[in-house]
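*Asks:* Take this sequence and fold it.
(2 chains)
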Amino acid sequence: MGTFKHILWRVLNIVPVLLVVSVLTFLVGRLTPGDPIEAQFARDHTPEQVEVIRASYGLTLPLWQQYAKWVKDLFTAGGGLSIAQGQPVFDILLPNFANTLILTAAGVVICAVLGVVIGVIAGINHRRFPDRFAMLFVQTGSNLSVYWFGLVLIWIFSLWLGWLPVAGMESRNGGGFGDLLAHLVLPGLSAALISTLVLARFVRLGIVQESHSDYVRTFASQGVPRRRLVGKHIGRNILPAVVNIIGLEIGTLITGVIFVESVFNWPGIGTQLVNAVNGKDYPLIQGGVILVALCYLVVNLLTDVTVDALNPRLRR
Amino acid sequence: MTGALLSVRDLSVEFGRGPAAERVVDEVTFDVRRGETFALVGESGAGKSLTASAILGLLPDDAVVTSGSISLDGEEVLTAERSSVTRFRGSKIGMIFQNPLASLDPSFRIGNQLKEIIGLHRPAASKRERHEIAETWLRNVGIGDAARVMSAYPHELSGGMRQRVMIALASLSGPALLIADEPTTALDAVVQKQILDLLIGVTRETGGSLLLITHDFGVVSYAADRVAVMKDGRIVEQGRRDRLLAAPSDPYTRALIGAVPEIGSRARLAGRGLPRRFRAAGGDGRADAAAATPGEGAVTGPARSPLVTVRNVTKEFVVGGLGTGQRKRRFTAVRDVSLEIERGEIFGLIGESGSGKSTLSRLVGGLLRADSGEIVFDGRDIARLPKAELRRLRPRFQFVFQDATSSLNPRVPVGEQIGRPLLRFGKAVSRAEGRARAAEVLDLVRLPASYLDRYPHELSGGQRQRIGIARALALEPDLLILDEPTSALDVSTQAAILDLLLDLRDELGLTYLFIGHNLAIVEFLCDRVGVLERGVLLETFGAGELSSGDRHPVTRALLDAVLPIRREAPVAD
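*Replies:* So this is what the prediction gives:
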């Protein structure tokens, strides 16, 4: 019962945060210079007609009314009409946003698996060769640019070895789930690079620190083998921290993926948002930001709830 | 039943390698016989714990055994393959560590932790059998509601309960040797005695031997059959307990035992006309007697005007509430307490942990605000004083805390740490003046001015506590609130610090509020004593009446838990 109330409280907490985010995105769009209606329609319409169009988008109303109308549109009219494309914003964004989420998910899986593996190898070999090597790799990798890393991956695995597709989300004549996976590997790797290395560092540090803790000594003094000490006791004790880091990194990934999309020509939300910003397509920008923010908040919520559930101190 | 179970010969352990290596255990030789309790006693850094770790092959990564041998039951441990060392662990040797709060895995239920160990030593046992063995052992170590404890997490149990679980965990495989490394140091006096009784009982039942590592001669006197005294990695003296305690042959042992505060030493000193100082109190009282001037200890009686008056003070804490996922709970840490502290007096506060001693001291020192009641410091009620005025008053009451290390900023030289509050409170106008004043107070705590530029990590534990006292004194306070200032220190250091406190009180006319758990110290140091239990002040009395017959049962329970050093001629038992 306590837990349920606690989760409900957290969910309710999302509302004020979203409110603040919506106000900020709304204002950032309006308060920067440039006029989308001018840019879009001035060339082949008279100034009077442009004014009519402006009014039809509600852009002549006072700011607070524009905001209220937009919030209403979010719930009833698919986020309002895109100025450049004339369609409801969510109709334009959602299919591509799904693609972005697929790529993010692939990144998360790669980050979690590789990060934990590298971290464990380094941690249990603390100060020995595998640790030094892994840390050198982590140091170097952390300084790579996502663009460059993506291009190197394409060059090696697609152009040179020919193992994986160069870009896109599916082969020209379509293909099933396997085809999608093949297309996901390289962009997923590039997107997950930095997050993987961050996670690896934390896992390594967690193992090194916990290895010196009293309870590990207790179980070692009872003859529990090292493998089980790391796999069971240390693993269970650093799990909440690992979940926390992964949760934070998912946030980084959602935004980081947008760069990767342009390198791998991935049909995600990234390109759409860049175009929207260039064209000052307010409703589209705002809709995109709200979608990303919502994802971020949901991931945060899930992370917090999971971490709490993993902590026996908070269980009752 | 005689003969050595464990025999350690010329064991040396070094930190680091090559010429820079530091020898921390130096040719240590001793035997633990079957069925006996052998105590390894010494001050911090003597190498006791490292010796124990070496026996189990659990030395820290950078420590190396450079020579010697350890044999258990005739089998050499040091040359054994790694896998066979693991075989010794648990099955032949069980170990109990100092800090019961951290020694159990916080993420698993007690039952599962016990069952894991049982599974290791009895792979053939079925799930149900493992469960039964675990529950039986919890009952063996005196845990009544074993079923509840089985499904509890460590954080849900008290320190004493956790140490009981640790004893069950270490003993359930019936090891021939149980090593207990300061098993009661982190526990209350009352719990300490129970745990020692339990340890002795369990080893007697399993027919095993107990290697007890401790710094506390009270524990040695209570529990050990034979004793070895360690200093700087060497054993300076070993022998039967009664002989060693009654007639120590090594000067270090004599000094160490002499420094242990004991109930009644104040009266003994007074009877002999000696000043009330610890370092003259111990042993035969001869050590420092020549240096002290008799009569100095006869402190002028406290003037009859209270410096602090606490009237009906209550403090409540609220836990949980909106958004925490926990029900809102209140508990009263201090309940309707009234007391007076006279000028120039040393007022002692005693009670079990959690009884509200520290909360009360923080209320008196203005770190917490009372919910109701008043705390009058020199005519002003600090419980109601506006923030700015309270701030102006703050230099007049200063704290010295238990943990000298974490009370000092590790990255700032000590001179700065003493000087900064002076500037902040306007007691010094320039850094140079602050530094000069810092040098003065260092002199007061008997440290040379050259220490101004040292960092805390360059100092010993006792020196750090002196810095803590100097920092408090620099502001020229009227009241020093001392929250167990010596309980983290070795006995000889502790004696020196307590003597310093007595000297400073006389020199500067200070008033102390002293929180302690060691009744011998409280009796020796304090003028009056208050006993707290669950936030309620049960009684106050003159320190000399601590042992008198009409004390409250709680006070008597605290007194019963004191483990005195038996110096009398041994009675065969």
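*Asks:* Let me know how buried the closest residue to residue A:50 other than its chain neighbours is, in neighbour terms.
*Replies:* For residue A:50, ignoring the flanking residues on the chain, the nearest one in space by C-beta to C-beta, 6 or more residues apart in numbering or on different chains is residue A:41 at 5.4 Å. C-beta coordinates here come from the backbone N, C-alpha and C atoms, glycine included. Neighbours of residue A:41 under the rule other C-beta atoms under 10 Å in any protein chain shown: 16.
*Asks:* measure residue A:41 to chain B for me?
*Replies:* Distance, residue A:41 to chain B, using C-beta to the nearest C-beta, to the nearest Å: 50 Å.
*Asks:* in the one helix or strand that residue maps to, what's buried?
*Replies:* Using DSSP states H and E, residue A:41 sits within helix A:36-41. Using 16 or more other C-beta atoms under 10 Å in any protein chain shown as the test for burial, helix A:36-41 gives A:36, A:37, A:40, A:41.
*Asks:* so where's the chain uncertain?
*Replies:* Went with chain A since none was named. A:1-2, A:172, A:174, A:315-316 (pLDDT under 70).
*Asks:* was after chain B, sorry
*Replies:* B:1-2, B:80-86, B:280-304, B:320-326, B:567-573.
*Asks:* Could you list the contact residues of the stretch 151-300 of chain A toward chain B?
*Replies:* Residues of the stretch 151-300 of chain A lying close to chain B by C-beta under 8 Å from any C-beta of the partner chain are A:213-215, A:217-225, A:233, A:236-237.
*Asks:* Report the buried members of the residues you listed.
*Replies:* A:213-215, A:217-224, A:233, A:237.
*Asks:* Tell me the residues of the stretch 151-300 of chain B that contact chain A?
*Replies:* B:153, B:155, B:166, B:169, B:170, B:173.
*Asks:* Can you give me the neighbour number for the second one?
*Replies:* The reference is to residue B:155. With neighbours defined by other C-beta under 10 Å, the count for residue B:155 comes to 12.
*Asks:* Ok, the last one next?
*Replies:* Close neighbours of residue B:173, defined as other C-beta under 10 Å, add up to 21.
*Asks:* Secondary structure element for residue A:246, which one?
*Replies:* Here residue A:246 is assigned to helix A:235-264, by DSSP H and E.
*Asks:* Output the contacting helices and strands for that helix.
*Replies:* helix A:89-124, helix A:146-153, helix A:177-211, helix A:269-278, helix A:282-310 (3 or more C-beta pairs under 8 Å, 6 or more residues apart in numbering or on different chains; DSSP states H and E).
*Asks:* With mean neighbour count as added columns, please give those helices in CSV.
*Replies:* Listed next are the helices and strands packed on helix A:235-264 as CSV, based on neighbours: other C-beta atoms under 10 Å in any protein chain shown:
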stretch, mean neighbour count
helix A:89-124, 20
helix A:146-153, 16
helix A:177-211, 21
helix A:269-278, 19
helix A:282-310, 19
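*Asks:* Nearest to residue B:216, out of those helices?
*Replies:* helix A:177-211 (29.8 Å; C-beta to C-beta).
*Asks:* Run the angle between the closest one and helix A:146-153 for me.
*Replies:* Calculated by axes from the mean of the first three to the mean of the last three C-alpha atoms, to 10 degrees, helix A:177-211 forms an angle of 120 degrees with helix A:146-153.
*Asks:* Tell me the helix or strand right after helix A:177-211.
*Replies:* helix A:214-221.
*Asks:* for the closest residue to residue A:190 other than its chain neighbours, what are its contacts?
*Replies:* Among residues not flanking residue A:190 along the chain, residue A:150 sits closest, at 3.9 Å (C-beta to C-beta, 6+ apart). Neighbour list for residue A:150: A:186, A:187, A:190, A:260, A:263, A:264 [criterion: C-beta atoms under 8 Å, 6 or more residues apart in numbering or on different chains].
*Asks:* For chain B, give me its nearest residue in chain A.
*Replies:* Taking C-beta to the nearest C-beta, chain B has its nearest neighbour within chain A at residue A:6, 3.0 Å off.
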